[in-house]
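# Dropping a prediction and its sequence here:
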Amino acid sequence: MGNRTRLWWVSALLLVLAATAQARDIRAVAPEREGFSSERLERLDAYMQRAVERGVMVGGNGLIARNGRIVYFDEWGQRDREAGLPMTADTIFRIYSMTKPITGVALMMLHEEGKFRLSDPVGRYIPELANLQVATSTANGGTVARSDGTQSMTEGVGDLALTGQTRAPRRQPTIRDLLMHTAGFSYGVFGNTEVDRAYRDAGLLGQHPDLQDFVAKLGKIPLQYEPGTRWHYSVAVDVQGRLVEVLSGKRFGEFLKERIFDPLGMTDTSFTIDESKRDRVAQLYSPVGTPDDFSAWLTPNAAVELEVASEFANRNYQPGATFESGGGGLLSTAMDYLRFSQMLLNGGELNGVRLLSPRTVELMTRNHLGDIPMGFGQRGTGFGLGFGVLTDAGDAGDIGSDGEYNWGGAAGTRFWVDPEKNLVGVFMVQSLPHRTTLAADFKTLTYQALVD
């Protein structure tokens, strides 16, 4: 082991000690003890340092655990460039859509208590969503009915005319549809259909007093697709959050804290910034020239240079914000997310605390899409109940293992759980919209260092 290797290992070990004080079962060990090469892990460190030097990222950190032991935990760059604050192991990040798997776990905990069946229509529990209509312009995944009885094909995106025409769907979305992203909802920011525009006009991704207000607004907008026919990334997980409230009788954030965060020791995971922890929150950056609203997702931007993101992107995290987004609202740390991920890898249990049964975790982390293709044009992948699933690593061209489950966040964060290799990876960074491949590179550099 070279001097540089010793230095980063000692540094990582010291930083981990405080974070692992409550994590007796997730301790740091020498990489070689769990089949990793320290020399090869230096490649990962050097690659990320170069990314900082090039200005591709201001700062980030990465964590790798195998067999329930941390083999790599390091940070690069700064958590706040303007304040001159270094990145640290306990830095708090906006994890955006990495909130989604946590929401799915919360909902499935209630499923284990017999509160609902996966085949139940959502409207049985949320009256605002009981009689949803579907837009005829996109109802059949891009088939538009003409008045003469013929049909024209679209891709469900582009500058479509506002027809305002709706009809009853063949069936209403089920809770399983919510978990699979096959409910027919949209996000409103990744396309320009009339449904997407209706989401934007209604301010659906803006501020809301609570989840009940959110679903009330959502219920007035037609579905974009027939439920159960198409995988389409959407606000369905925010609906799951409201469903947790209805079924548990608790505010969503309260349920998460009492039933998941406190039992797992996830002390730095929350919906808003705690004033006592404000100095640990990473600054959020955006590519130079990013629009100051949701049109950022529709505006091409090849800028590499990063500037401080607008307050528009930060407002839902500030003290006093009340909307608890199950689809993208949480702040967390790499260590907290490791605890959540390790619980899943352990079959629903961590350190004597069981949240789910092994059978439920197996159900959630297998592909449920059948013949429905996964979105984003990805081959060899599918979707479970709250997780992306790697079904064929060869077909996907992915260095991971078949059966891996994963997801990422809009600011570039990502995690994956590999049951075959008994491995967890967590990568944290903060730029929105995120335009790099750093998370994928972190994963590749992880596996190239796994030599046993």
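That came through fine.
# So, low pLDDT: which residues of the chain?
1-25, 141-164, 294-301 (pLDDT under 70).
# Please, where are all the helices along it?
3-19, 38-54, 99-112, 175-180, 194-201, 211-218, 236-248, 252-256, 262-264, 334-345, 358-364, 393-396, 438-448 (DSSP state H).
# Give me the contacts around the third one.
Looking back up the chat, that one is helix 99-112. Under the criterion CB atoms under 8 Å, 6 or more residues apart in numbering, residues 116-118, 175, 179, 237, 240-241, 243-244, 247-248, 252, 255-256, 259-260, 325-330, 340, 344, 355-357, 360, 364, 385-387, 407, 409 lie in contact with helix 99-112. In short, each C-beta sits where N, CA and C put it, glycine included.
# Mind listing what's buried along it?
99-111 (16 or more other CB atoms under 10 Å).
# which one of the residues you listed sits closest to residue 62?
Nearest to residue 62 among the buried residues of helix 99-112 is residue 101, at 18.5 Å by CB to CB.
# Can I have the buried ones of the contacts of helix 99-112 as a ChimeraX selection?
The following ChimeraX line selects those of these that are buried, judged by 16+ other CB under 10 Å:
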select :116,118,175,179,237,240,241,243,244,247,248,252,255,256,259,260,325,326,327,328,329,330,340,344,355,356,360,364,385,386,387,407,409
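# What about the residue nearest to residue 51 when sequence neighbours are not counted, how many residues nearby?
Ranked by CB to CB, 6 or more residues apart in numbering and with sequence neighbours excluded, the top spatial neighbour of residue 51 is residue 57, at 5.0 Å. Neighbours of residue 57 under the rule other CB atoms under 10 Å: 22.
# Kindly report the same for the one 5 residues further on.
Neighbourhood size, residue 62 [other CB under 10 Å]: 25.
# So it is in contact with residue 71, correct?
No - judged on CB atoms under 8 Å, residue 62 makes no contact with residue 71 at a distance of 11.3 Å.
# picking up where we left off before, tabulate the buried residues of helix 99-112 (TSV), appending distance to residue 137.
Formatted as TSV, the buried residues of helix 99-112 follow (distance: CB to CB, whole Å):
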residue	distance to residue 137
99	31
100	28
101	32
102	34
103	30
104	30
105	36
106	34
107	31
108	34
109	38
110	36
111	35
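# Pick the one among the residues you listed closest to residue 290.
Top of the list for closeness to residue 290, among these and by CB to CB, is residue 99 at 21.8 Å.
# The closest residue in space to the closest one that isn't next to it in sequence: what's it in contact with?
Closest residue to residue 99 apart from its sequence neighbours, by CB to CB, 6+ apart: residue 330 at 4.2 Å. Contacts here follow CB under 8 Å, 6+ apart; on that basis residue 330 touches 94, 95, 98, 99, 102, 269, 270, 271.
# can you do 10 Å?
By CB atoms under 10 Å, 6 or more residues apart in numbering, residue 330 lies in contact with 93-100, 102-103, 253, 256, 261, 266, 269-272, 317, 324, 336-337, 409.
# what residues do residue 62 and residue 71 have in common as contacts?
Shared contacts of residue 62 and residue 71, counting by CB under 10 Å, 6+ apart, come down to residue 446.
# I'd guessed residue 274 sits against residue 318; true?
No - Residue 274 is not in contact with residue 318 according to CB atoms under 10 Å; the separation is 11.2 Å.
# ok, so what distance separates residue 261 from residue 240?
Distance from residue 261 to residue 240, counting by CB to CB, to the nearest Å: 17 Å.
# How about residue 371?
Distance, residue 371 to residue 240, by CB to CB: 24 Å.
# Just give the closest residue to residue 60, not the sequence neighbours.
Nearest to residue 60 is residue 429, by CB to CB, 6+ apart, at 3.7 Å.
# wait, that neighbour sits on residue 410?
No - because the distance of 11.1 Å does not satisfy CB under 10 Å, residue 429 is recorded as not touching residue 410.
# of those two, who's got more company?
Comparing residue 429 with residue 410 by other CB under 10 Å, the one with more neighbours is residue 429, at 29 against 18.
# tally of neighbours for residue 363?
Residue 363 sits with 16 neighbouring residues when counted by other CB under 10 Å.
# what residues are up against it?
108, 111, 118, 356, 357, 384, 385.
# Please report the distance of it from residue 59.
Residue 363 is 37 Å from residue 59, by CB to CB.
# same check, this time on residue 99
For residue 99, the distance to residue 59 (CB to CB) stands at 21 Å.
# Over to residue 108?
The span separating residue 108 from residue 59 equals 34 Å under the rule CB to CB.
# Please name the nearest non-neighbouring residue to residue 329.
residue 271 (5.1 Å).
# In this structure that neighbour contacts residue 316, no?
Yes - using CB under 10 Å, residue 271 is in contact with residue 316, at 8.1 Å.
# hey, what's in contact with both of those two?
Common neighbours of residue 271 and residue 316 are listed as 322, 323, 324, 325, 329 (criterion: CB under 10 Å, 6+ apart).
# Just the ones in strands from these, please.
With strands defined by DSSP state E, no entry of the shared contacts of residue 271 and residue 316 lies inside them.
# Next, format these as TSV and append distance to residue 215.
Formatted as TSV, the shared contacts of residue 271 and residue 316 follow (distance: CB to CB, whole Å):
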residue	distance to residue 215
322	15
323	12
324	13
325	12
329	15
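# separation between the nearest residue to residue 69 once chain neighbours are set aside and residue 38?
Leaving aside its sequence neighbours, residue 69 sits nearest to residue 29 (CB to CB, 6+ apart; 4.5 Å). According to CB to CB, residue 29 and residue 38 sit 12 Å apart.
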